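*Asks:* below: sequence and its predicted model.
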Amino acid sequence: MRSLAFALLLLLPSLTWAQSAADSTVFRDRLRIYYVGYPVGWEKYELTRTAGGYRYAADLDFSDRGRRTHLVATATTRADFSPVHLDIVRVTDSTQVVETRIDASDVRAHVLSRGHEADVSLPALAVAIGGATPVSQHLLLLRYWARHGRPRTFAAVPGDPTNVLAIRYRGRDTLSAVAHHEVLDRYAIDGVTWGVESAWLDRSGHLAALSTTGGGLTLDAVREGLEPSLPALMASGTRDRMSDLAQLTRTVRPMATGTIALVGATLIDGTGAPPVRDATVIVANGAIVRAGPRSSTAVPRGARTIDVAGKTIMPGLWDMHTHVMQMEWAPVYLAAGVTTVRDMGNNEYFIVPFRDAIAAHRTLGPRVLVAGLVDGGGPDAFGAVNATTPDEGRAVVRKYHDLGFEQIKLYDLVSPSVVGAIIREAHRLGMTVTGHVPRALGLLASVDSGMDQIAHLPIRGDVASDSVRMQIASLARHGTVVDPTASWGELLQHSTAQPVAELIPRVVTLPPVLRQRVMAMGIATSDTATAHARMRRTLGLLRSLHDAGVPLVAGTDEGVPGLSVYREIELYAHAGIPAIDALRAATAVPARVMQLDRMLGTIETGKRADLIVLDANPLDAIENIERVRLVMKDGTLYRSADLWRAAGFVTR
């Protein structure tokens, strides 16, 4: 993010590789690719010196949960690594589709990107890079930066003109987990994707490792032979990001701390009680002291009184299905009024330090609860942790319990015997179990086996059919909690003929690279009528689950940071669920199902002071949930606009 102040340089890297470009006419490397910590494939690349510059070729081929990604890239550059040509082609068994093509001259470039063509002017400092993958493109980027004197910022083609790239040297890592000690220089790269990437080069300038998210899940790459050092490298990169987040925290000045009185707003306390007009909420020492009508709620002497007349106060929001893979989510969530999140599958090297830094008040951010991901192993498994036997399943539960995780998240390939062992061990240790419906079990058997919660909408079919009615009845009978992630399904499955801005108007406020990613979502081969019919079926199912008494909690998966929480709540209301219940699905109900309702989820005396101040009442129009003015987390009050700006979003 542009506002991020990077740490001062502790060391200057050796740039001998930058001066001589390549230490041989040709060098080749192979990178092991990991997706959310699981090895999924390889990337091989080659950099060749030519008479006038360099020729680059890369082949990235990996399979995530049975879905193959195969990208082939070729590029030519001048001697200073300025772009001449770049091609990135997506290859399938039957097609080859050009995703990015760039032909550059000294001052202009012809660009084909995602089916759109344009002639653009080239700034004085500009590189060609087609996104985060193939990952070895970052080597050309780093060489360009070094050869041009390490400029503070420069441009990328293709890219939004308002987006700039920035690279900073962050330090040096000495590897001890390989056959011989190897020293790597570590860099932070900002602007290729949304979120700062970490990259490592060895002393000869070869790419040793890279970690990227692109606003989604984490893709890590490490040079063949260095795989044992991957955890240490990723932990080092995480320390950089936590340092960045701590610095960002220092740039955001709270509006108020200590004893605070919010006076004059309508209070929706989250309990389901009728709203209280002209209310006062008193906060001290991070907790709610009193909340009620102004006429009967005295403001203590010395309190900071803040006039919020005409506004609405309600509990801080929850996102019950997220994957917080990057530190940039911390200010974004708070800006949106989300004060608690549940992470549903992550790399331990990131999520544990991230959670702990926030809990210790070293950085700002939402309260983080964690569900430890476990799958069943094999080539189509997901995540770094697998269990194929009951003993392995029990060991996984104990490991996550020792890390302080609240839940276990089951994934698709866990076998029935392992599911049973995991559930019993989790319950014995006071943990609950959520996740996907394992394929070998199905919904009814999963519920009967003791799964406490289910991720996504687990039911398909006509809501009036006997089969669907039976499944809903089973969920209700067991009290099984569902986080539908309806907003994520809408983003993925809407027709691209309907702009994303019609679903999430504030998508235009996103940072340029993230905005580009989100606005490209959807199905090009689907028409709007088909997509709308599909969404009506989803809304009908949501209403049926609610009416049957199945607890629903708001979650967004890999949706738009912060903003998808609003859309999730709005979809519940559009389904015909009463607005107060739609709001409680993102406040009181999550607190209850996570067994934290004694301290969170409602605005009541003695509970933690997590709340938001809205410019208008969401009970009048559910879309008013988006009008967050102030956010309080643990008694510290922030202006939402300050947090949005810190995260690089456009404020209105």
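*Replies:* Received it, and whenever you're ready, just let me know what you need.
*Asks:* okay, and the helix or strand of the chain with the least pLDDT?
*Replies:* Sorting the helices and strands of the chain by mean pLDDT, DSSP states H and E puts helix 16-20 at the bottom, at a mean of 52.
*Asks:* C-terminal to that one, what's the next element?
*Replies:* strand 26-35 (DSSP states H and E).
*Asks:* beyond that following strand, next helix or strand please.
*Replies:* In N-to-C order, the element after strand 26-35 by DSSP H and E is strand 38-49.
*Asks:* can you show me the helices along the stretch 1-150 of the chain?
*Replies:* 16-20, 137-147 (DSSP state H, counting those that start in this stretch).
*Asks:* A246 belongs to a strand?
*Replies:* No: counting by DSSP: H, G, I helix; E, B strand; the rest coil, A246 falls outside a strand, being helix.
*Asks:* on the three-state scheme, the spatially closest residue to it that is not a sequence neighbour is what?
*Replies:* Leaving aside its chain neighbours, A246 sits nearest to T363 (5.2 Å; criterion: Cβ to Cβ, 6 or more residues apart in numbering). Where C-beta positions appear, they are placed from N, C-alpha and C, glycine not excepted. Assigned with three-state DSSP, T363 falls in the coil class.
*Asks:* do M535 as well
*Replies:* The three-state label given to M535 by three-state DSSP is helix.
*Asks:* which ones are touching it?
*Replies:* Residues in contact with M535 (Cβ atoms under 8 Å, 6 or more residues apart in numbering) are E490, Q493, H494.
*Asks:* ok, the last one - contacts?
*Replies:* Neighbouring residues of H494 by Cβ under 8 Å, 6+ apart: V500, L503, M521, G522, I523, S526, T528, A531, M535.
*Asks:* and which of these is nearest to K311?
*Replies:* L503 (26.2 Å; Cβ to Cβ).
*Asks:* mind listing the strands for the stretch 251-400 of the chain?
*Replies:* Along the stretch 251-400 of the chain, the segments classed as strands by DSSP state E, counting those that start in this stretch run 260-267, 276-284, 287-293, 304-307, 312-315, 317-322, 338-343, 367-374.
*Asks:* would you mind finding the most buried of the ones you listed?
*Replies:* Greatest average neighbour count among the strands of the stretch 251-400 of the chain goes to strand 317-322 (a mean of 29), per mean count of other Cβ atoms under 10 Å.
*Asks:* quick one on the thing from earlier: tell me which residues touch the residue nearest to A246, please.
*Replies:* M242, L245, A246, L248, T249, A330, A357.
*Asks:* pick out whichever of these sits closest to R67.
*Replies:* Among those, and counting by Cβ to Cβ, the member closest to R67 is A330, at 29.9 Å.
*Asks:* check the spacing between the residue lying closest to the closest one once chain neighbours are set aside and A455 real quick.
*Replies:* Leaving aside its chain neighbours, A330 sits nearest to G365 (3.3 Å; criterion: Cβ to Cβ, 6+ apart). Note on G365: its distance to A455, by Cβ to Cβ, to the nearest Å, is 23 Å.
*Asks:* before we move on, what about D557?
*Replies:* Noted for D557: a distance of 8 Å to A455, by Cβ to Cβ.
*Asks:* and for A124?
*Replies:* In this view, A124 and A455 are 49 Å apart by Cβ to Cβ.
*Asks:* just the contacts of H494 now: which is nearest T212?
*Replies:* M521 (18.5 Å).
*Asks:* distance between the ends of stretch 459-472?
*Replies:* Taking Cα to Cα, to the nearest Å, the first and last residues of stretch 459-472 lie 8 Å apart.
*Asks:* average pLDDT for stretch 521-528, rounded please.
*Replies:* On average, the pLDDT along stretch 521-528 is 94.
*Asks:* all set now, cheers.
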